[in-house]
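1. Whatever this is, show me its structure:
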Amino acid sequence: MIQQPSRTAFLSTASSKPLIISTTIAALVYFVVITFIFPIGNKYLFALVIIGEIFHTWQALTYLYTVWDMDYRAKKDLSYTPTVDVFITVAGEPTDIVRETAIAARDMEYPNHKVYILNDGFVAKKENWQEIESMAKELGIGCFTRKIAGGAKAGNINNAVAHSTGMYIAVFDADHVPHANFLRKTIPYFTDKKLGFVQTPQYYKNAHLNRTTKGSWEQQELFFGPICRGKNRLNSATMCGTNMVISREALAEVGDMCTESIAEDFATGMFIHEKGWRSIYVPEVLAEGLAPEDFLSYNKQQFRWARGALDIIFRYNLLLRSGLTLPQKIQYLSSASFFLSGNIVLINILLPLIFLYTGLIPLQISTMFLAVVFIPYISLTLFNLSLTSNFQFTFSALSFAIGGFWIHIKALGAAITGQKSSFAITAKKALEGNFSTLVIPHALYIALIIGGLPFAIHREGISPSVINNFAWAIFSIGIFVPFMLAAVPNLNFRSLMTKISKFLKSEIAIALNVKKTIL
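-> All right, here's what the predicted structure looks like:
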């Protein structure tokens, strides 16, 4: 299958060490200025600002550390063709989707592989489980149908491991169709006998179907581009659950796939690293899957990923795991802590809201001095993101990453309280409906900002502080917009913005008139 450059542009990563050093210095200078230079306003709001800046600096520095060198190349032997079991995990997905994946897996250009459908439809109470069995028989491939539930996807894989014998195990989700050369491109790396697993990108072939698929994919490009490539030199590739090959010996050493976490892949990869096994990320699109096609499915997927990743922090005591190297700990903590970013977004959006209603500020800032340190910091950071991602990092990706803050907050609550979360398969075909309830926090924020502006104007007029805080709030709202539109695809956005604009003008005029009357 010929790969078009536009489809794989996210893999053409590059970095500049002088630029990385300059960005690191700018980030540290900005942090020092914010933390130590300006007089403190309200001490509680100042504490929130510092928490946010510590997190932002951590994210920036770990990203720069990861992409410092993305040119790692592992050795491979193209003549190495050991036995491989190919597992296709199924739990009620549409039969036509499973069939396409199964045929592609069966027909891969590799001499020693057997294909098995891991049919969890019976235990998941799906109507088509017998249909899947019949299809497997028709295609001449194996089928394991579990009759006793347990461990969700991880349990399904472990059951198949117990009934198969291949030296290596390739895993595909039901919708991820492998290219004919998938095994030819991945298995040769296993000539390294201490290689635990090989991971390849999760590419979404329906990326441009609608706003949800577009945002979902563009959010992934940064991860499967520069971040995963940078992890290679640190022996820290992330196991992502599909489009991967695992050494049976490595899997056995960690007691098979982890059934305790709903992010079984992420946790299992960490356990394999902990036992001293190596990993490789192959930066080639070798399989094509489906992004969630509706906003509800996207939210469920992101919650599952967030909840599972946070287990690494709150359940598995990452920093105390002696088998991991320091670079591996940094990488796992960096990846898992991304799902804490929703709490920092909440801090960032609350500060201007608090000011509008109360006039309280965290810092007494000199706008010009702040600009002198902030503009170089943000400009260099954004240019680094653009350069390392081959200019594929988009506003839509930013919107989905920040707009998903409420998902992260709910996942953190579940992780801290130890709430059990079930493993939910992402729907493979779009669910119909209006999912506006999923963006109620965003809509509420917009309403509160609009309502707070007259309070601030009445209190102090159109002062620089009012302008600055309202501008920051509008900036956040602007970032939310693509995320919110994905939830309500039939919304007439232009008409809505016209109504909001008229309402704002009216509110400002009323507030100014009231102030003049009082004075």
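2. ok, how many other residues are close to Ala287?
-> 25 (other CB atoms under 10 Å). Every C-beta, even on glycine, is put in place using the N, C-alpha and C of the backbone.
3. and if you look at Met108?
-> Neighbour count for Met108, taken as other CB under 10 Å: 18.
4. Can I take it that it is in a helix?
-> No. According to DSSP: H, G, I helix; E, B strand; the rest coil, the state of Met108 is coil, so it is not within a helix.
5. let's have the chain start at 46 instead
-> Sure, I'll start numbering at 46, so the last one becomes Met153.
6. can you tell me which residues contact it?
-> Val131, Pro223, His224, Ala225, Asn226, Phe227, Leu228, Arg229 (CB atoms under 8 Å, 6 or more residues apart in numbering).
7. Just the helices from the stretch 146-295 of the chain, written as ranges.
-> Ranges of helices within the stretch 146-295 of the chain are 174-184, 197-207, 227-231, 256-267, 273-277, 293-298, based on DSSP state H, counting those that start in this stretch.
8. Looking at the longest one now, give me its mean pLDDT.
-> Which is helix 256-267. Mean pLDDT, helix 256-267: 91.
9. what distance separates it from the centre of its chain?
-> 9 Å (CA atoms, centre = their mean, to the nearest Å).
10. is it true that Gly286 touches Asn201?
-> No. Judged on CB atoms under 8 Å, Gly286 makes no contact with Asn201 at a distance of 11.8 Å.
11. distance between stretch 111-131 and the chain's centre?
-> 24 Å.
12. What's the end-to-end length of it?
-> Stretch 111-131 has an end-to-end distance of 31 Å (CA to CA, to the nearest Å).
13. Quick one: mean pLDDT for that stretch?
-> Here the average pLDDT along stretch 111-131 is 94.
14. For Ala119, which non-adjacent residue is spatially closest?
-> Sequence neighbours aside, Ile325 is the residue nearest to Ala119 in space, at 5.0 Å (criterion: CB to CB, 6 or more residues apart in numbering).
15. phi, psi of that neighbour?
-> Here the main-chain torsion angles of Ile325 (degrees, to the nearest 10) amount to phi -140, psi 140.
16. For Lys182, see how far away it is.
-> Noted for Ile325: a distance of 35 Å to Lys182, by CB to CB, to the nearest Å.
17. neighbour count winner among the two?
-> For Ile325 versus Lys182, neighbours defined as other CB under 10 Å are more numerous around Ile325 (24 against 11).
18. Just to check, that one is in contact with Gly241?
-> No. Under the criterion of CB under 8 Å, Ile325 is not in contact with Gly241, lying 9.2 Å apart.
19. coming back round to it: quick one: which of the helices of the stretch 146-295 of the chain is nearest Ile522?
-> helix 256-267 (16.7 Å; CB to CB).
20. ranges for the strands of the stretch 96-245 of the chain?
-> 129-135, 158-164, 187-190, 213-218, 222-223, 240-244 (DSSP state E, counting those that start in this stretch).
21. of the contacts of Met153, buried ones?
-> Buried members of the contacts of Met153, counted by 16 or more other CB atoms under 10 Å: Val131, Pro223, His224, Phe227, Leu228, Arg229.
22. now the protein, which segments are flagged as low pLDDT?
-> Where the chain drops to pLDDT under 70, the residues are 46-51, 466-478, 535-564.
23. Just send the helices of the stretch 146-295 of the chain back as TSV, with distance to Lys121 too.
-> Shown next, in TSV, are those (distance: least, CB to CB, whole Å):
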stretch	distance to Lys121
helix 174-184	30
helix 197-207	25
helix 227-231	9
helix 256-267	25
helix 273-277	13
helix 293-298	17
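24. For Met529, find the nearest of the ones you listed.
-> helix 256-267 (9.8 Å).
25. neighbours around Trp103, how many?
-> 16.
26. what's the distance between the nearest residue to it once chain neighbours are set aside and Thr107?
-> Spatially, and ignoring its direct neighbours in sequence, Trp103 is nearest to Ser382 (7.1 Å; CB to CB, 6+ apart). From Ser382 across to Thr107, the span is 8 Å (CB to CB).
27. now Asp220
-> Per CB to CB, Asp220 is found 31 Å from Thr107.
28. Those two: which is more packed in?
-> Between Asp220 and Thr107, Asp220 has the larger neighbour count (other CB under 10 Å), namely 26 against 18.
29. can you count the residues close to the closest residue to the more buried one other than its chain neighbours?
-> Distance criterion CB to CB, 6+ apart; nearest residue to Asp220, sequence neighbours excluded, is Leu335 at 4.4 Å. When counting by other CB under 10 Å, one arrives at 22 neighbours for Leu335.
30. list the contacts for the closest residue to Pro407 other than its chain neighbours?
-> Leaving aside its sequence neighbours, Pro407 sits nearest to Leu90 (CB to CB, 6+ apart; 3.7 Å). By CB under 8 Å, 6+ apart, the contact list for Leu90 reads Leu396, Ile399, Leu405, Ile406, Pro407.
31. Backbone dihedrals for the nearest residue to the fourth one once chain neighbours are set aside, please?
-> Closest residue to Ile406 in three dimensions, ignoring its sequence neighbours and counting by CB to CB, 6+ apart: Gly86, at 4.0 Å. Its backbone dihedrals place Gly86 at phi -90, psi -110, with angles given as degrees, to the nearest 10.
32. Can you name the residues that contact Gly86?
-> Taking CB under 8 Å, 6+ apart as the test, what Gly86 contacts is Leu405, Ile406, Pro407, Leu408, Gln409.
33. any idea which of these has the most stuff around it?
-> Pro407 (23 neighbours).
34. was I right about that residue contacting Thr80?
-> No. With contact defined as CB under 8 Å, Pro407 does not count as touching Thr80 (11.3 Å).
35. Just the closest of the buried ones among the contacts of Met153 to Ile148, please.
-> In terms of CB to CB, no member of the buried ones among the contacts of Met153 lies closer to Ile148 than Pro223, at 10.3 Å.
36. Quick one: the strands in the stretch 296-445 of the chain, in order.
-> Using DSSP E, counting those that start in this stretch, strands in the stretch 296-445 of the chain cover 323-326, 332-334.
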